[in-house]
Structures are given as C-alpha cells and as structure tokens.
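Engineer: What follows is a predicted protein model with its sequence.
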Amino acid sequence: MADEALSAGAVARRLGVAVTTLRTWHQRYGLGPSEHTPGQHRRYTSADLARLEIMRRLTADGVSPAEAARWARQAPGRARAEDFAPLRRPGVRDGGGPTIPVGRAGPAARGLARAAMRLDSPEINRTITRALATDGVIATWDGLLRPVLAGIGERHAATAGLIEVEHLVSRCVSEALATVSRTAAPDAPPRVLLACADEEQHSLPLEALAAALAEAGVGYRMLGARVPVPALLEAVNRTGPAAVVLWSHTRATADPAQLGALLDAPWRPLLVLAAGPGWSAGTLPAGVVRPTRLAEAVDLIVPLGESLTR
C-alpha cells in the first residue's frame, strides 16, 4: 500500500466519496494527486490518500471544508477528528440554508436555482432551452448559467453537499449547449481547437465557448477535459488549427509550460488563448492572449475565422 499509486476512481471507492468531490477538493484546496508521469494522468500516492482521509473525516464531523483542508495539508496522518472539536458549530449547517446563491442574477437564475434544488430536470431543461433560444449562448451563460453553477460550487464548498445537484445541472447544461453546437454547426472548416489543460476536468465553460462559436458560424474541434500535452501537440500538428484555446479552471492545472509547448510546436497556431481563471496573466508566455470573459474569447476568435474563409 505504501508505494501504491491510485486512480481517482480507486481513491473515491476507498474513501466512500464521489469522484467529483475529489475533483473539488483538488481544485479548491490543493488536495490532489501528486504522482505524475509525463503523458499520463496523475495518480494518488499513499500520502495523498492520508490527507484525503483527514479531509473526509473532518468534514463529516462538521469542520468546514476550508479549515479541514488546512489541517489535512499541515498534518497528514496525525490529525484526529476530536482534535478539532473547537472548530465545529453544533446545530449550525456551514453555509446557511438549503438555497443556491446567485448574487444579483435575475429571476430566471433564481428560478433555475430553485429547480436545481428540486432536482427538477424537465424545468431545468425548459429554462435553459428558452434562454438559449431567446438570448443566445453568451447572454445565457453570463446571466443564467454561470451564476447558478457558481452558486452550486459555493454551496458545495461550504457544506460538502449538493453533489447530486451539480451532476444534474451540469448534465442539463452540457446537453443544451451540445444541442446548440449541433443545430448551429457551420459549413466552414474547423480551424479552432478547444482543449482543457492537462488534468483539468471542468469543461463546461469550454463547451459554452464551443456553442458560442457555432452560433457565430466558426468551425471548431473540441478535445474536452484532461488533455495531456503530447496529445494536444499531436492534435495541433495533425489538424493545423489557426487558433487554440486551452482552458484551466484552477491554478493547479494552469502550467504555463503547456502554452510554451504550443508556441514551440512545428505548426504554430496564429492565436493561442489561455482561457479560464486558473491562468495568471503574469506567468503567461509572450504571444499568449488571456480573455477574461466568454464574449471576449469569441470576439478574438471570430475575426480570425472570417479572415481564413475569404
């Protein structure tokens, strides 16, 4: 066991948690797999597993996820749940009541949040489909989907719950965006390559970009989540895209070396975009563009696609 490296699925089974919970703990608190072989997915070591066991035990006993993660990182293998009794607030659920916060978003977002808490997939689908048809992808993402998804993430971070809500809403959003991508698929050749950074599993924003590009008449190829650098470079060299978008949701997956590899590829794209909150502007290689919103990414890509079809 001491030298055994485990996949996320194996760790989830041992701890009795969902793989999505492991992903959240990795992205939000840095409790991720540390063993990495180039070209392969990261795996969990015995030390990683010890930290996660502390995290699971403390959150189950009422310690907030952020505080549990802090102790898990500091004292793997030594902490006991009873050591943290002063951190607990008996009878008070961390994060408040059973609602999804949506900030200043409008009535549609509040209605979608209520449907999500009811696990009412027909109403979720109706709300999203209606918004996409009326407002388009960018406005729907910014005004409806992003606030609700962020609210679910905030509530999960506070309570370690709502995993079933996140799964259901994510599936509905993904299916709705895929429908837009299929029905609005342009005749233009796919000259844009979309990929998540190595180990990045949070792909919904990239799917939103794909749907927005389809809506704007720009062809693309979507590689999706967790694309190792060798596979990304192989795809670039085989397809010769004019633009590559590399998405990272968290600092843990935002390695600038991935962008440098794109710039050094035999086929260098005209435009390389580092999309997502994981990237830090000060660490990006020269020549990489960092859009901060979906509309900005579309505005950067669309003129490039138009110039290639003239």
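Structural biologist: Great, that's in hand.

Engineer: And the residue nearest the centre of this structure?
Structural biologist: A centroid search over the chain (CA atoms, centre = their mean) returns His202, at 1.9 Å, as the residue closest to the centre.

Engineer: How many residues are close by the closest residue to it other than its chain neighbours?
Structural biologist: Nearest residue to His202, sequence neighbours excluded (CB to CB, 6 or more residues apart in numbering): His249, at 3.9 Å. Just so you know, the C-beta spots here come from the backbone N, C-alpha and C atoms, and that holds for glycine as well. Using other CB atoms under 10 Å, His249 is surrounded by 24 other residues.

Engineer: With Asp142 instead?
Structural biologist: 16.

Engineer: Over to Leu259?
Structural biologist: The burial count for Leu259: 25, using other CB under 10 Å.

Engineer: can you check Leu294 too?
Structural biologist: Residues near Leu294, counting by other CB under 10 Å: 20.

Engineer: oh, and call the first residue 41 from now on, that's how I've got it
Structural biologist: OK, 41 is where the count begins now, so the last one is Leu334.

Engineer: And it, how close does it get to Ala52?
Structural biologist: Here the criterion is CB to CB, to the nearest Å. By it, Leu334 lies 31 Å from Ala52.

Engineer: Same check on Pro281?
Structural biologist: 35 Å.

Engineer: So those two - more neighbours on which side?
Structural biologist: Pro281 (22 against 19).

Engineer: So the more buried one, which state does it fall into?
Structural biologist: coil (DSSP: H, G, I helix; E, B strand; the rest coil).

Engineer: mind listing what it touches?
Structural biologist: Taking CB atoms under 8 Å, 6 or more residues apart in numbering, we find Pro281 in contact with 230-233, 261, 309.

Engineer: So which of the residues you listed belong to strands?
Structural biologist: Members of those lying in strands (criterion: DSSP state E): 232-233, 261.

Engineer: Of those, which is the most crowded?
Structural biologist: Neighbour max across those (other CB under 10 Å) = Val232, 27 neighbours.

Engineer: Quick one: residues contacting that residue.
Structural biologist: 253, 258-261, 281-285, 341, 345.

Engineer: That one pairs with what?
Structural biologist: Beta-bridge partners recorded for Val232 (DSSP bridges): Tyr260, Ala283.

Engineer: pLDDT at it, what is it?
Structural biologist: Looking at Val232, its pLDDT is 95.

Engineer: quick one: it from Ile341, how far?
Structural biologist: Distance from Val232 to Ile341, by CB to CB: 6 Å.

Engineer: Name the residues contacting each of the two.
Structural biologist: Common neighbours of Val232 and Ile341 (criterion: CB under 8 Å, 6+ apart): 253, 258, 283, 285.

Engineer: would you turn those residues into TSV with neighbour count, secondary structure and pLDDT?
Structural biologist: Shown next, in TSV, are the shared contacts of Val232 and Ile341 (neighbours: other CB atoms under 10 Å; DSSP: H, G, I helix; E, B strand; the rest coil; pLDDT from 0 to 100):
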residue	neighbour count	secondary structure	pLDDT
Leu253	27	helix	96
Val258	24	coil	93
Ala283	23	strand	96
Val285	28	strand	98
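
Engineer: And those residues, which is closest to Ala112?
Structural biologist: Val285 (33.7 Å; CB to CB).

Engineer: Nearest spatial neighbour of the closest one, chain-adjacent residues omitted?
Structural biologist: Leu313 (4.5 Å).

Engineer: Wait, a strand at the one you found?
Structural biologist: Yes - per three-state DSSP, Leu313 lies within a strand segment.

Engineer: Now do whichever strand or helix holds Ala148, average pLDDT.
Structural biologist: Per DSSP states H and E: Ala148 is located in helix 147-157. For helix 147-157, the mean per-residue pLDDT is 91.

Engineer: buried set for stretch 224-237?
Structural biologist: For stretch 224-237, the neighbour count (16 or more other CB atoms under 10 Å) marks 226, 230-237 as buried.

Engineer: could I get those residues as TSV with distance to Thr180?
Structural biologist: As requested, the buried residues of stretch 224-237 are exported to TSV (distance: CB to CB, whole Å):
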residue	distance to Thr180
Pro226	19
Pro230	23
Arg231	25
Val232	21
Leu233	24
Leu234	19
Ala235	23
Cys236	21
Ala237	25
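
Engineer: so which two of these are the farthest from each other?
Structural biologist: Once CB to CB is applied, the buried residues of stretch 224-237 give Pro226 and Ala237 as the farthest pair, at 26.2 Å.

Engineer: thinking Gly201 is in contact with Ile192, fair?
Structural biologist: No - Gly201 is not in contact with Ile192 according to CB atoms under 8 Å; the separation is 10.0 Å.
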